[in-house]
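Novice: Give me a 3D structure for the following:
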Amino acid sequence: MDPWIGPIRSRIAGPRSGNGLLVCLPEYRPDLARNLAFVLDLSFVDFRQVFMSALGWEAHTLDLEQVSGMLRERAESRGLVLFNLEALLATKTVEERRGWLEAFLSIPFRQPVLAMLWVYGEEAPHGDDRVFRPDAGQLPTQGLINRLAW
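Specialist: Numbering: from 1, shown residues only. Sure, this is the predicted structure:
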């Protein structure tokens, strides 16, 4: 297991394990999100593909409160690692994003829900133990083949 995953494992096993967790990466790393889901035995969910693609040009109309409900429903039986959530967050105002990211940390999920961020990580609340910001030096390097695959 990669060392940066240990603290995340501890947090999802802790007393607030049913609340959301934000993982703010320094760069776009789908390989890390997939590996995190695999190691923690959670479902990898590409938010853009699963929730937004069917809406086409109307995907931006998806309300963040609707998203919270959809995630609660999806996490009934198995925890999630959400990837590409920022595709929807990009369509919202700074205030909407910050408000939702803060609220996300308190949503009562049955199973852990981890949302991966790299663009809007700085808008996530600071000083909250449910927001994890690994240093780039803690993360494994991404090989050329893996980089080309994404």
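
Novice: Could you use CA atoms for every contact and neighbour count after this?
Specialist: Noted.

Novice: Contact partners for the residue positioned nearest the centre of the chain?
Specialist: The residue lying closest to the centre of the chain (C-alpha atoms, centre = their mean) is residue 115, at 1.1 Å. Shown in contact with residue 115 (C-alpha atoms under 8 Å, 6 or more residues apart in numbering): 20-23, 81-83, 85.

Novice: Surely it forms part of a helix?
Specialist: No: Residue 115: not assigned to a helix; according to DSSP: H, G, I helix; E, B strand; the rest coil it is strand.

Novice: how close does it sit to residue 44?
Specialist: The gap separating residue 115 from residue 44 is 10 Å, by C-alpha to C-alpha, to the nearest Å.

Novice: Now do the shared contacts for these two.
Specialist: Common neighbours of residue 115 and residue 44 (C-alpha under 8 Å, 6+ apart) are 81-83.

Novice: Same list, those, but as JSON lines with distance to residue 50 and neighbour count please.
Specialist: What follows is the shared contacts of residue 115 and residue 44, written out as JSON lines (distance: C-alpha to C-alpha, whole Å; neighbours: other C-alpha atoms under 10 Å):
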{"residue": "81", "distance to residue 50": "13", "neighbour count": "26"}
{"residue": "82", "distance to residue 50": "10", "neighbour count": "25"}
{"residue": "83", "distance to residue 50": "10", "neighbour count": "22"}
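
Novice: Which member of those is positioned nearest residue 35?
Specialist: residue 81 (9.9 Å; C-alpha to C-alpha).

Novice: Just confirm that closest one is within a strand.
Specialist: Yes: note on residue 81: a strand contains this position according to three-state DSSP.

Novice: For residue 56, see how far away it is.
Specialist: Following C-alpha to C-alpha, the distance that separates residue 81 from residue 56 is 23 Å.
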